[in-house]
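Colleague: show me how the following folds:
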Amino acid sequence: MKRALAYSGIAILLLLAGLIAAIPFLVSSDTLKQNVTEQLSLWTGSKVTFRGEPVIKLFPSFRVKLKDVIIASTNGDNIPLVRMNNLKADLNFFALLTGEVEVKRFIFAAPQFELSTDAHGISNWSLTGGFLGQEIQAALSGNPGKNERFGQLDIFGGFFRHIDHRTGQSTEFSAIDLKLKWSDVAKPLTILGNFIWNGENIAIDSKVSDVIALASGQSSQTELQIRSRLIDAGFSGNFSLADSYQFDGRLTAKTASFRQFLGWQGIDIEPGETMGFASISGEMNWYAGKVSIAQASVKLDANSAEGVLSLEREEDDKWSLQGTLAFDTIDLSSYSDLWIENTETDNTGDIENQIFLLDLDVRMSANKVVVRDFQSGSIAATISYQGGILNISIGDYEVFEGNLSGEVSYNFNKLPVRSGTKLRLKKLQFAEILTFFGKMERVTGNLSGMIELTGDGPVLQDHLSNGQGRVDIAIDAGTIDLTTFGDVFGALNEGKIPASAIWKDGKAKFGKLIAKLDFTSDLFSFEKILVSLPDADVFLSGEIGRKTGIAILHGRFDTFENRDASTDRPPVSTLPFKLEGAIGKTLNFIPGILLPLPLEESANGAIKN
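Modeller: Predicted coordinates:
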């Protein structure tokens, strides 16, 4: 039995050897090279040429190798559509026995794909010729095609470039290693492999259900997955090549480092702990340079939101982002230092190109806002950016147990960053504001009013130190700590005004504190400061030099007996006074100086001298 099996095996081998030996008599070398190039030409619709004679390999598969292969462009351009060192074609062995040449697989070695679209929109490639064009025409006319077999295309070490002369944009892929499998035109096309784009190695796994529909301008169900060190993205839905790329389906994308992802896209941001994990998912429609994502779910670090987003390429090739996002919590703890660092004079750099490579118009809302240990309530705001100007419009912000609204703007066209603040305040707890900014709680009460300032720097503190504008505020039902002003008001102990009318235990209660301040480049101008105490009123006006700290202020103490808010009784005593000196050093209290302020004693004059 074993001997019979051995003889049978030998017989089969001899038969195969005989069949292989007979192939050159059935199909000549000229026929092989002609059929291989013709089949490739028929599929591409382009002329195919090569140099030299084909190299035929019989084992382990029947393969024909052509050298210096060129696939010509379809628009008569002298630049070849594809140029490659060699082309290999694996042939169907049994078809050869009948004298036919059927290619099972094309192998492109180091091909150079050069695609272009001229200023009139004419491309140097076409899908209307050859077998593929015939199938497209059959599909458009409603007639069944021939279901020609394509087989498989393997690409190793390829390079792809497409230049659109209408826009000047160039897209390049290198180190292309792909396997395209398409058994026949009625079945799906699968693409598996990897390539390098923009310096990153990207793996691709794709399935196109209906290539003929896609090539004929219709859409095809498409599954696409791309993975790299910086991005993991997937798409499932309809894809079309008609007029322009169009995706309509489910998108998912995530990155472990949004900071590194932006750097990959040419947006360099200094290293840091923020802008790490990021993801987006939703129903995407991408057509003619515009991407819209409905039912979007967006995450960045500890922040997540849902809403609608739209991204569109504008005429100057800049992108514009619009949308509406709803957050439960906006956590800015990790970003506050980053914002200040990147908007300081020394570190800003070309912030226009570093941070804002797109125009913005995004409406946002959140149930609460967190900055480190500080937590506030709900907020509704719109963020817009265009032409180097960033505007933040706050519709309503529950903060410091009150409400805040207004606008904040930043001009990045000039360094240092120029910013402006216009805020409307309603019943904010002033003590909480002082605590937030690291100040002692010397004043309590409900703060209302308006702040309108412009200056150099990214935050409100900068405006208060170097900005110009106006502050018009009032604090109701509060207290003021006057402990440190005991020496200043020492004259009160001489009996001119009872100290008990002003403060008790170092703190004075007041019904209202009104402050109207003007900020110029040199001065703080106090138009009026009024502190209404239970049995006294304190008025104050004057000027403080912003650089020198020199102060010249005039004021008046009015005291009352049995004060009643329902009656308008005159004060029982009045003490005018003057405060002069240097803030933070010596501030002298001089009683008996009458208002108005004499011109020769103006603070402005003192500062200039």
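Colleague: show me what counts as buried in stretch 542-550.
Modeller: Buried positions in stretch 542-550, judged by neighbour count with 16 or more other Cβ atoms under 10 Å: 542-546, 550. Yep, even glycine has a C-beta here, placed from its N, CA and C like the rest.
Colleague: contact partners for the closest residue to residue 481 other than its chain neighbours?
Modeller: Residue nearest to residue 481 in three dimensions, not counting chain neighbours: residue 442, with 4.2 Å by Cβ to Cβ, 6 or more residues apart in numbering. Residue 442 sits next to 434, 480-481 when contact means Cβ atoms under 8 Å, 6 or more residues apart in numbering.
Colleague: mark which of those are buried, thanks.
Modeller: For the contacts of residue 442, buried by 16+ other Cβ under 10 Å: 480-481.
Colleague: reformat the contacts of residue 442 as JSON lines; add secondary structure and pLDDT.
Modeller: Converted to JSON lines, the contacts of residue 442 look like this (DSSP: H, G, I helix; E, B strand; the rest coil; pLDDT from 0 to 100):
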{"residue": "434", "secondary structure": "helix", "pLDDT": "83"}
{"residue": "480", "secondary structure": "strand", "pLDDT": "76"}
{"residue": "481", "secondary structure": "strand", "pLDDT": "72"}
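Colleague: I figured residue 227 hits residue 202, correct?
Modeller: Yes - Residue 227 lies in contact with residue 202 (Cβ atoms under 8 Å); the separation is 7.2 Å.
Colleague: and those two? Which one has more around it.
Modeller: residue 202 (19 against 15; other Cβ atoms under 10 Å).
Colleague: contacts only, for the nearest residue to the more buried one once chain neighbours are set aside.
Modeller: Nearest residue to residue 202, sequence neighbours excluded (Cβ to Cβ, 6+ apart): residue 228, at 4.5 Å. Counting by Cβ under 8 Å, 6+ apart, residue 228 makes contact with 200-203.
Colleague: so which of those residues is the closest to residue 366?
Modeller: If you rank the contacts of residue 228 by distance to residue 366 using Cβ to Cβ, residue 200 comes first, at 34.0 Å.
Colleague: low-confidence stretches in the stretch 351-500 of the chain?
Modeller: Under the criterion pLDDT under 70, the flagged ranges of the stretch 351-500 of the chain are 351-357, 439-441, 458-465, 482-500.
Colleague: which helix or which strand is home to residue 391?
Modeller: Residue 391 belongs to strand 389-399 when assigned by DSSP states H and E.
Colleague: what sits up against the one helix or strand residue 293 maps to?
Modeller: Using DSSP H and E, residue 293 falls within strand 290-300. Residues from elsewhere that reach strand 290-300, judged by Cβ under 8 Å, 6+ apart: 251, 258, 275, 277-286, 304-313, 323, 325.
Colleague: just the buried residues of those.
Modeller: Using 16+ other Cβ under 10 Å as the burial test, the contacts of strand 290-300 include 251, 258, 275, 278-282, 284-286, 304-305, 307-312, 323, 325 as buried.
Colleague: how far away is the closest residue to residue 188 other than its chain neighbours from residue 138?
Modeller: Nearest non-adjacent residue to residue 188, counting by Cβ to Cβ, 6+ apart: residue 209, 4.9 Å away. Counting by Cβ to Cβ, to the nearest Å, the gap from residue 209 to residue 138 is 18 Å.
Colleague: again with residue 118
Modeller: From residue 118 to residue 138 the distance is 29 Å (Cβ to Cβ).
Colleague: more neighbours, the two?
Modeller: Legend: neighbour count by other Cβ under 10 Å for residue 118 and residue 138, higher for residue 138 (17 against 14).
Colleague: part of a helix, is residue 260?
Modeller: Yes - under DSSP: H, G, I helix; E, B strand; the rest coil, residue 260 falls within a helix.
Colleague: what sits closest to it if chain neighbours are left out?
Modeller: Using Cβ to Cβ, 6+ apart and skipping the chain neighbours, the partner closest in space to residue 260 is residue 230 (5.7 Å).
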